[in-house]
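>>> Sequence and predicted model, in that order:
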Amino acid sequence: MTTPAQDRKLRDPSLNPGDQPYFDACAEGKLLIKKCNDCGQTHHYPRPLCPFCFSDKVEWITTQGTGEIYTYSVTRRGGPVPYCIAYVGLTEGPKMMTNIVDCDLDAIKIGQKVKVVFKKTEGGFSVPMFTPIG
């Protein structure tokens, strides 16, 4: 059975203090994460303190925008169209929760290589999602 990708309405994200640079970069087609200058760990979702060592010496870094699917689930009920929610392991290390889009939802596989794409919300924000490479 083929389940083609369909566009669906996306709600605007709820912004926390310090989130604006992240969404500004998304609007420019860049995916940012944070890197701790004390312990060297990268993390997503970006926050003001490192979740590993609690240092406030974190900085924005631009990712390659690539990774692979760590795990996923295709939801076919409870909404107007089917969609895929997934954790993607970014090339830089951290895993992020996202959607897999613009593909046959039945062809998605764990370990599949993906690249970032940006989708617009109802209010015009760009949010990162991923699509299979190739």
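Cool, got the structure.
>>> how about the residue nearest the centre of the chain, secondary structure?
Centroid-nearest residue in the chain, with C-alpha atoms, centre = their mean: T98, separated by 4.2 Å. Per DSSP: H, G, I helix; E, B strand; the rest coil, the local secondary structure of T98 is strand.
>>> for the chain, what spans make up the strands?
Counting by DSSP state E, the segments of the chain that form strands are 32-36, 42-43, 58-62, 66-75, 83-90, 95-100, 113-120, 126-132.
>>> now this protein, which segments are flagged as low pLDDT?
Screening the chain residue by residue with the criterion pLDDT under 70, one finds the ranges 1-6.
>>> give the contact list for the closest residue to P13 other than its chain neighbours.
Excluding its sequence neighbours, the residue lying closest to P13 (C-beta to C-beta, 6 or more residues apart in numbering) is F125, at 6.0 Å. C-beta coordinates here come from the backbone N, C-alpha and C atoms, glycine included. Residues counted as contacts of F125 (C-beta atoms under 8 Å, 6 or more residues apart in numbering) are 12-13, 23, 26-27.
>>> any idea which of those residues is closest to P46?
F23 (10.3 Å; C-beta to C-beta).
>>> For P46, which non-adjacent residue is spatially closest?
Using C-beta to C-beta, 6+ apart, the nearest residue to P46 is K34, at 4.4 Å.
>>> For burial, what's the neighbour tally of I100?
If you count neighbours by other C-beta atoms under 10 Å, I100 ends up with 23.
>>> what is it paired to in the beta sheet?
Per DSSP bridges, residues listed as beta-bridge partners of I100: C84, F130.
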